[in-house]
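>>> Pasting the sequence and the predicted model now:
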Amino acid sequence: MAAVRFTQVQAREILDLPEETVRHWRKVLPPLAKRPRRTPLSHGDLVALAAIHQVVQGIAIRVSALVAVAEDIFASCNSRSWPALAACYLEIAASHSALKSVGSTPMLKAGAVILIPLAPLIDELGQGLLGVEKDQSELRFPPTLQHGGKR
C-alpha cells in the first residue's frame, strides 16, 4: 500500500500556517526549496514542518536560522514512522539536528541546544488529520421568560 501524501494546501491547513509563511519557508529552507513546487509532502515532512513551526512560533527564532540544520530535521523526521517518532525528541544545535530516544539522557556540549518532544506534535497532527476539533466552550446565557406564546 502506498504511503499517504499531502498537498501543500492540506499541510497548511493541518499545521494552521498562513500561505505567506509556507511560501517564505519554501524559499528559505533547502529541503523545500529544491523540490518541485507541487511535490506532495510525507508524514515525516509534516512532523518536520510542525517542529520548525514550534521553534519559530514558540521561541521566536527566525526560520533562516534553521537553514543549516533543515536537511537534518527533514531527514530525521522521515527516517521513522509516527509511532517511532512519538518516542523521540528532536535535538537542534547550531550545526546539526538529531533524533534521540525519550528515555536517553542528552549529551549536551558547549553551545545552545533546543529539545523538542515529538509526541505532542504528532498528537496534534493526528487530531488535525482526523478532523477532531477541540471542545467548544459552552455559552452561558441567563434564563429568560418568553411571553406571548400558547401553551
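Cool, the structure landed.
>>> could you pull out the strands for this structure?
Secondary structure of the chain (DSSP state E): strands at 88-93, 97-101, 113-117.
>>> Tell me which strands the second one pairs with, and in which orientation.
Put plainly, it is strand 97-101. Under the criterion DSSP bridges, strand 97-101 sits next to strand 88-93 (antiparallel) in its sheet.
>>> Cys88 is in contact with Leu115, correct?
No: between Leu115 and Cys88 there is no contact under CB atoms under 8 Å: 10.6 Å. All C-beta spots, glycine's among them, are computed from the backbone N, C-alpha and C.
>>> Among these two, which residue is more densely surrounded?
Shown here are Leu115 and Cys88; by other CB atoms under 10 Å, Cys88 has more neighbours (24 against 11).
>>> who touches the more buried one in this structure?
80, 99-102, 118 (CB atoms under 8 Å, 6 or more residues apart in numbering).
>>> how about a cut-off of 7 Å?
Neighbour list for Cys88: 99-102, 118 [criterion: CB atoms under 7 Å, 6 or more residues apart in numbering].
>>> Using JSON lines, please lay out those residues together with neighbour count, pLDDT and distance to His147.
Output for these, formatted as JSON lines (neighbours: other CB atoms under 10 Å; pLDDT from 0 to 100; distance: CB to CB, whole Å):
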{"residue": "Leu99", "neighbour count": "19", "pLDDT": "88", "distance to His147": "66"}
{"residue": "Lys100", "neighbour count": "15", "pLDDT": "89", "distance to His147": "67"}
{"residue": "Ser101", "neighbour count": "10", "pLDDT": "90", "distance to His147": "67"}
{"residue": "Val102", "neighbour count": "11", "pLDDT": "87", "distance to His147": "62"}
{"residue": "Leu118", "neighbour count": "25", "pLDDT": "96", "distance to His147": "58"}
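>>> So in the chain, which helix runs the longest?
Looking across the chain with DSSP state H, the single longest helix is helix 118-130.
>>> chain center to that one, what's the gap?
8 Å (CA atoms, centre = their mean, to the nearest Å).
>>> Now for Pro40, how many residues are close by?
By the criterion of other CB under 10 Å, Pro40 has 14 neighbours.
>>> what does Ala110 give?
Neighbourhood size, Ala110 [other CB under 10 Å]: 6.
>>> Helices along this protein, start to end?
Using DSSP H, helices in the chain cover 8-15, 19-28, 30-33, 43-53, 67-77, 82-86, 118-130.
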